[in-house]
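**Q** Just to be clear, the model below is a prediction. Sequence and coordinates:
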Amino acid sequence: MGSLQLKSIRKTYGIHEVLKGIDLEVKDGEFVIFVGPSGCGKSTLLRSIAGLEDVTSGAVLINGKDETLTPPAKRGIAMVFQSYALYPHLTVKDNMGLGLKQAGTQKDEIDKRVSKASSMLSLEPYLARRPAELSGGQRQRVAIGRAIVREPALFLFDEPLSNLDAALRVQTRLEIARLHRSLKATMIYVTHDQVEAMTLADKIVVLNAGAIEQVGSPMELYNRPANVFVAGFIGSPMMNFIPGDKVADAGAKTVGVRPEHLALSREQGTWRAKVVHVEHLGADTIIYLESEQCGLITARLFGEHKYEPDDIVYATPDTGHMHRFDADDQAIR
């Protein structure tokens, strides 16, 4: 449906540079997620693609055509916002079809597209209702349906699940994934939630302070982070970082070990530590340890384990899954 190229996108507000020369290619049909901490520029980048922000320099190409100066309504994109932005006095059907009506689309065509979208999103029973009569998840589906009926080149999502409770987030995440497979559409999605990023994306773009740190598939970023920032941002609980001089033959300033790659023993091991806190999650047990050598480290054990605060244990890293980083915090391959 649509491809996207960003060429040296910069955005400044006065002396403050928000986007620092972003280069990115999104292929037709890809699901790409921008992820990063608050203030990293991910929403500004999405709004720049939509045309809701004027870029200071650079080019936005959609389907190979330079759309940098094209008004938002003519870019062939549809955007789903964090706030549902539904008209309270209109029915679900009229909310979904309003953009087409304003564009002069024939009524029969509007009805056809609304019917198709409502079927995909299981909204048929609610077409005559108004937003106040819907749950948060249903309202978000209406907002997504309003985007679908436009049949855009690009779907843009700006933290669409952040207003939903945990159960609804999971349900709506599954619906968005199913929708992507069904439409085979190009989707660009902004979130601060790495679980959303890891479970939905074909490709993740990790942003930090207005620049791209790494682009890759979820498991590429998880297994081969380019630097300390990506290694610490992707994965929950986050990766343990240990000074290289505390690890034999490390040859690195910093060594990273994910919590699931630490084995615990009560008898012997590499680092002696005291249990600080234990989280019993059923499927997993998360154990926080204080080590004289390494400071605070985290272990993730599969299943239920009977450790208690103040227990003395020994943590041993899996040397086959260590990540090494140099003095500039870049990965040593």
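**A** Yep, that arrived. Numbering: from 1, shown residues only.

**Q** Secondary structure class of the nearest residue to Cys40 once chain neighbours are set aside, three-state.
**A** Among residues not flanking Cys40 along the chain, Leu207 sits closest, at 4.4 Å (CB to CB, 6 or more residues apart in numbering). Where you see a C-beta, it was placed from the backbone N, CA and C, and this is true even at glycine. The three-state label given to Leu207 by DSSP: H, G, I helix; E, B strand; the rest coil is strand.

**Q** How many residues are close by Leu207?
**A** Residues lying near Leu207 (other CB atoms under 10 Å) number 24.

**Q** thought it was touching Ser43?
**A** No. Taking contacts as CB atoms under 8 Å, Leu207 lies outside contact range of Ser43: 10.0 Å.

**Q** Helices of the stretch 101-250 of the chain, start to end?
**A** Using DSSP state H, counting those that start in this stretch, the helices of the stretch 101-250 of the chain run over 107-120, 136-148, 166-183, 194-200, 218-223, 228-233.

**Q** Out of these, which is closest to Ile62?
**A** helix 136-148 (15.6 Å; CB to CB).

**Q** list the buried ones in the closest one?
**A** 137-148 (16 or more other CB atoms under 10 Å).

**Q** CA atoms only for it - export them in PDB, please.
**A** Output of helix 136-148 as PDB, limited to C-alpha atoms (Å, rounded to 0.1, in the frame of the first residue of the first chain):
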ATOM      1  CA  GLY A 136     -12.600   2.800  26.100                       C
ATOM      2  CA  GLY A 137     -11.600  -0.200  23.900                       C
ATOM      3  CA  GLN A 138     -14.600   0.200  21.700                       C
ATOM      4  CA  ARG A 139     -13.900   3.900  21.200                       C
ATOM      5  CA  GLN A 140     -10.400   3.100  20.200                       C
ATOM      6  CA  ARG A 141     -11.600   0.500  17.700                       C
ATOM      7  CA  VAL A 142     -13.900   3.200  16.200                       C
ATOM      8  CA  ALA A 143     -10.900   5.500  15.900                       C
ATOM      9  CA  ILE A 144      -9.000   2.700  14.100                       C
ATOM     10  CA  GLY A 145     -12.100   2.100  11.900                       C
ATOM     11  CA  ARG A 146     -12.200   5.700  10.900                       C
ATOM     12  CA  ALA A 147      -8.600   5.300   9.700                       C
ATOM     13  CA  ILE A 148      -9.300   2.100   7.800                       C
END
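
**Q** If you average the pLDDT over that helix, what comes out?
**A** The average pLDDT within helix 136-148 is 88.

**Q** what residues are up against the residue nearest the centre of the chain?
**A** For the chain, the residue whose C-alpha lies nearest the mean C-alpha position (CA atoms, centre = their mean) is Ala197; its distance is 3.2 Å. The contact partners of Ala197, taken as CB atoms under 8 Å, 6 or more residues apart in numbering, are 33, 35, 191, 204, 218, 234.

**Q** same deal with Ala315?
**A** 262-264, 269-271, 273, 289, 291, 297, 299.

**Q** who does the residue nearest to Cys40 bridge with?
**A** Ile212 (DSSP bridges).

**Q** Now do it against Asp311, distance only.
**A** 40 Å (CB to CB, to the nearest Å).

**Q** now swap in Glu260 and tell me
**A** 20 Å.

**Q** and the lowest-mean-pLDDT helix or strand in the chain, what does it pack onto?
**A** Lowest on mean pLDDT, DSSP states H and E among the helices and strands of the chain sits helix 166-183, with a mean of 85. Applying 3 or more CB pairs under 8 Å, 6 or more residues apart in numbering; DSSP states H and E, one finds that helix 166-183 makes contact with helix 136-148, strand 187-191, helix 194-200.

**Q** send the alpha carbons of that helix over as CSV?
**A** Only the C-alpha atoms of helix 166-183 are listed here, as CSV (Å, rounded to 0.1, in the frame of the first residue of the first chain):
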residue,chain,number,x,y,z
ALA,A,166,-4.0,-3.7,31.0
ALA,A,167,-6.5,-6.3,29.8
LEU,A,168,-7.8,-4.0,27.1
ARG,A,169,-4.3,-3.2,25.9
VAL,A,170,-3.6,-6.9,25.3
GLN,A,171,-6.9,-7.4,23.5
THR,A,172,-6.5,-4.3,21.3
ARG,A,173,-2.9,-5.2,20.6
LEU,A,174,-4.1,-8.5,19.2
GLU,A,175,-6.7,-6.8,17.1
ILE,A,176,-4.1,-4.4,15.6
ALA,A,177,-1.8,-7.3,14.8
ARG,A,178,-4.7,-9.2,13.2
LEU,A,179,-5.6,-6.1,11.3
HIS,A,180,-2.1,-5.6,9.9
ARG,A,181,-2.1,-9.2,8.6
SER,A,182,-5.5,-8.8,7.1
LEU,A,183,-4.9,-5.4,5.4
